[in-house]
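1. fold the stuff below for me.
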Amino acid sequence: RFIMSFSSGSERRQKEIEMADGGLIVLPRTHPVLEETVRHQLELAQEVKTQDPNLDSKEKKKLGSVSLTFYDFEHSHYKVTLVPKSSTVMTVSLNLPCFPEIEKEGVEEMLKKKYGDMLQPTEQGYHVTLGVDVMEPGQPIDSIVKLFAGLKESILITPMVGYFQAFLDGKPREKTFSFNLRKDTVLYVVPRKDRVTTALRLSLQDPVDLQVAEIFLKDYKEVQRRKAGGAPPAWFSINPPEELEGEKKGSLGFISFAVEERHMKDMAKTAAAIINFRSFLQYHLKCSKAFFHSRMRKKVKEFLKVLNRAKTDFEGETKKKTKKTAGGKVFKAR
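-> Next up is the predicted model:
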């Protein structure tokens, strides 16, 4: 199975963080703040709608104004807005730096097909805006939450899914597609007759991160090869893979996955796992460094205990002990 498999975005947060083979943690695919905010506003609106109209004004539940901005991986950020005094339509706007690079790779068509009437005029400073009337949502709350929470992932995987579908249709594309997933990461999609190769060119600035990441990726390649079952084979090297010969090197190197026909049964899941690999790597880098620091702090405490035991109370001699008898007499050692 694919080590980067994730649980559904509609499940509770504590169930979403799973352990993969080798003790690696797989991250949730949705943003918890976005998911919980959208769900809360929709559920609150239904309570307001169905409450007893004869209740005292102090006891009645009311919709409150919402203006919330928060950040996510890939240097993206969201804005959730609801102003009940003027409209009961809650909007969610997404700013995704790489959006202009992938917009023409089927993203516009995907948004129209998947979100339809939810698409709103794009808010200034953002790339996509969705909206839903919280009083009359028109769909089950779980469905709406899943659609809103999966917005970023749906956009990012669309180019890759397009290449997978063309391969399955027997009309593989000829052009290699690439875009900047992050400022330090470039994603390549390379079509071949028997597979579609996806590669990430990774660049890290911190020298410690570089060393830790290199060890991690070399070990990941071996673990993935031995334990991942039917997952796409992973390949890591400082130099670009054969399909990308001549491309500029990253400070860390390239990690590539050979996606074959058997891996395309669930194209969206496979593409999402590859897209999320960079965040997966960053998370484990932070965890590794935190583990190293905790071990160092523990060792320092042990050294301090040894030093404290070796200390003397006076210069060059230990404190002389005194003893008392039952009668109160004091004896000093000489």
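2. middle-most residue in this structure, spatially?
-> S279 (4.9 Å; CA atoms, centre = their mean).
3. run through the residues that contact that residue.
-> Contact analysis of S279 by CB atoms under 8 Å, 6 or more residues apart in numbering lists L27, F73, E74. Placement of C-beta: from N, CA and C, glycine included.
4. in the helix or strand hosting F303, what counts as buried?
-> Using DSSP states H and E, F303 falls within helix 277-310. Neighbour-count burial for helix 277-310 flags F277, R278, S279, F280, L281, Q282, Y283, H284, L285, S288 (criterion: 16 or more other CB atoms under 10 Å).
5. ok, stretch 178-196 next?
-> 178-182, 184-191, 195-196.
6. ditto for stretch 148-166
-> 148-164.
7. with stretch 165-172 instead?
-> Result for stretch 165-172 [16+ other CB under 10 Å]: buried residues F167, P172.
8. distance from that stretch to the middle of the chain?
-> Here the centre of stretch 165-172 is set off from its chain's centre by 29 Å, with CA atoms, centre = their mean, to the nearest Å.
9. end-to-end on that stretch?
-> End-to-end distance for stretch 165-172, by CA to CA, to the nearest Å: 8 Å.
10. now it: mean pLDDT?
-> Per-residue pLDDT over stretch 165-172 has a mean of 93.
11. adjust the sequence numbering to begin at 16 for everything that follows.
-> Fine by me, first position is 16 from now on; the one you just mentioned is stretch 180-187.
12. what's in contact with it?
-> So stretch 180-187 is contacted by Y178, R188, P206, R207, K208, R210, V211, E276, M279, M282 (CB under 8 Å, 6+ apart).
13. try 6 Å
-> R188, P206, V211, M279 (CB atoms under 6 Å, 6 or more residues apart in numbering).
14. would you map the helices across the stretch 216-349 of the chain?
-> Assigned by DSSP state H, counting those that start in this stretch, the helices in the stretch 216-349 of the chain fall at 222-242, 282-290, 292-325.
15. same thing with the stretch 66-215 of the chain?
-> Going by DSSP H, counting those that start in this stretch, the stretch 66-215 of the chain shows helices at 114-117, 123-130, 156-164, 166-183.
16. who wins for proximity to S72 among those?
-> Nearest to S72 among the helices of the stretch 66-215 of the chain is helix 156-164 (26.6 Å), distances taken as CB to CB.
17. tell me the buried residues in the closest one?
-> For helix 156-164, by 16+ other CB under 10 Å, it's I156, I159, V160, K161, L162, F163, A164.
18. over to stretch 227-237?
-> Those would be V227, A228, E229, F231, L232, Y235, K236, for stretch 227-237 by 16+ other CB under 10 Å.
19. ok, of the residues you listed, which one's closest to Y141?
-> A228 (31.6 Å).
20. next up, the contacts around the closest one.
-> Here A228 is in contact with L267, L300 (criterion: CB under 6 Å, 6+ apart).
21. can we see that at 8 Å?
-> L217, L219, L267, L296, L300.
22. what about the nearest residue to L83 once chain neighbours are set aside, neighbour count?
-> Of all residues not flanking L83 in the chain, V95 sits nearest, at 4.6 Å (CB to CB, 6 or more residues apart in numbering). Using other CB atoms under 10 Å, V95 has 19 neighbouring residues.
23. wait, V95 sits on E51?
-> No: using CB atoms under 8 Å, V95 makes no contact with E51, being 10.5 Å away.
24. D221: how many residues sit nearby?
-> Burial of D221 is recorded as 12 neighbouring residues (other CB under 10 Å).
25. and if you look at E257?
-> 10.
26. what's the answer for R188, then?
-> By other CB under 10 Å, neighbour count at R188 equals 14.
27. dump the residue contacts of it.
-> Contact partners of R188, counting by CB under 8 Å, 6+ apart, are Y178, A181, P206.
28. just L166 next, same as before
-> Counting by CB under 8 Å, 6+ apart, L166 has contacts V107, L109, V143, L145.
29. quick one: low-confidence ranges for the stretch 16-165 of the chain?
-> 16-41 (pLDDT under 70).
30. just the strands in it please.
-> Counting by DSSP state E, counting those that start in this stretch, one finds strands in the stretch 16-165 of the chain at the ranges 33-34, 40-41, 81-86, 92-97, 104-110, 143-148.
31. and the closest residue to L126 other than its chain neighbours, what are its bridge partners?
-> Nearest non-adjacent residue to L126, counting by CB to CB, 6+ apart: L134, 6.2 Å away. Taking DSSP bridges, one obtains L145 as the residues bridged to L134.
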